[in-house]
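# make a model of this:
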Amino acid sequence: MGVLNVTPDSFFDGGRYLDSASAIARGLAMVEEGADVVDVGGESSRPGSEPVDEHEELRRVLPVIAALSGAVRVSIDTMKPAVAQAAVDSGATILNDVARRLTEVAARTGVGLILMHMRGTPRDMQVDPRYDSVADEVFGELRSNAAAARSTGVREVYVDPGIGFGKTLEHNLILLRSLPELVSSGEDVVIGTSRKSFIGRVLADKDASPLGVDERFEGSLASAVWAMAAGVAMVRVHDVKETADAAHLFGDRDERLAVMSGGRP
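Prediction:
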């Protein structure tokens with residue numbers, strides 16, 4: 001899954017693809033690089049980000065979704081049911097639900113649903129995240145939410161532990177280490193670690209400042225490969241070509257990574 005942020009303030013590519021033409025060109029380039037899904041977002045969910053007006057979010061994402069939907073499977077990364085519905089009407093076939101508000105839309109429209117774990121909101125999620133047992137709590141909530149979604153009629157359900165969304169560095173590493181447990185429970189798992197700040201902290205020299213976002217590629221690729229080896233269904237990344245190349249080392253991607261080609265060869 002390639003990440004395509006049509007925003008001015010996303011932590012890695014904010015502002016790069018803010019106009020529709022640039023976003024569409026980048027989305028098509030991702031397809032050439034090996035993306036099976038392009039995840040379009042018009043509202044940043046980085047720590048501390050502020051909500052975006054619904055009309056502005058729609059203005060950003062709908063032309064991009066409409067243009068890309070004939071070339072690749074498109075997901076919409078949003079917290080708003082109205083935006084999710086409009087995105088489906090424009091050609092999106094997956095809802096990337098970062099706030100667990102979109103199950104009803106997915107059930108009504110018959111599209112896929114990614115349920116991500118987040119404590120709080122992007123504005124406050126990193127203030128003081130605490131868990132008694134992070135893997136047990138996060139995985140338990142995800143399994144419960146997935147079962148609830150299926151009970152409403154959603155057929156295609158994925159779960160995402162939400163690395164960096166209301167988690168400390170230690171929480172993130174525990175969740176990554178425990179991925180095989182979540183996969184073995186039978187859930188289709190999506191993992192998104194690409195360019196995130198915990199990677200900069202892990203890779204920094206002792207007592208040095210964390211590595212900046214432009215220095216986190218190697219850690220991003222390593223964590224994506226670990227997720228593949230753990231058996232996840234999909235990895236959500238900014239660096240599509242390099243990650244797709246790595247995926248080929250695992251053999252037949254269509255079989256091993258459960259990628260969704262939308263009918264393309």
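# contact partners for Thr7?
Applying Cβ atoms under 8 Å, 6 or more residues apart in numbering, we find Thr7 in contact with 14-15, 18, 41-44, 52, 60. All C-beta atoms are positioned from the backbone trio N, CA, C, and that covers glycine.
# just the strands in this structure please.
Here the chain has its strands, by DSSP state E, at 2-5, 37-41, 73-78, 94-97, 112-116, 157-160, 188-191, 234-235.
# as TSV, these with mean neighbour count, distance to Glu56 and mean pLDDT would be great.
Putting the strands of the chain into TSV (neighbours: other Cβ atoms under 10 Å; distance: least, Cβ to Cβ, whole Å; pLDDT from 0 to 100) gives the following:
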stretch	mean neighbour count	distance to Glu56	mean pLDDT
strand 2-5	27	14	96
strand 37-41	25	13	97
strand 73-78	29	12	97
strand 94-97	27	19	98
strand 112-116	26	22	98
strand 157-160	24	25	98
strand 188-191	24	26	98
strand 234-235	26	28	97
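# relative to Ala87, which of these is closest?
strand 73-78 (3.7 Å; Cβ to Cβ).
# name the helices or strands packed onto that closest one?
Counting contacts by 3 or more Cβ pairs under 8 Å, 6 or more residues apart in numbering; DSSP states H and E, strand 73-78 packs against strand 37-41, helix 54-68, helix 81-90, strand 94-97.
# so how far is the first one from its chain's centroid?
For strand 37-41, the separation from the chain centroid amounts to 8 Å (computed by Cα atoms, centre = their mean, to the nearest Å).
# tell me which of the helices and strands packed on strand 73-78 is the most buried.
Mean neighbours per residue, mean count of other Cβ atoms under 10 Å, is largest over those for strand 94-97, with a mean of 27.
# my read: Leu115 touches Val157, true?
Yes: here Leu115 lies in contact with Val157, judged by Cβ atoms under 8 Å, at a distance of 6.8 Å.
# what residues do the two have in common as contacts?
146, 149.
# next, the spatially closest residue to Pro129 that is not a sequence neighbour: phi, psi?
Nearest non-adjacent residue to Pro129, counting by Cβ to Cβ, 6 or more residues apart in numbering: Gly166, 4.5 Å away. With angles defined as degrees, to the nearest 10, Gly166 shows backbone torsions of phi 80, psi 40.
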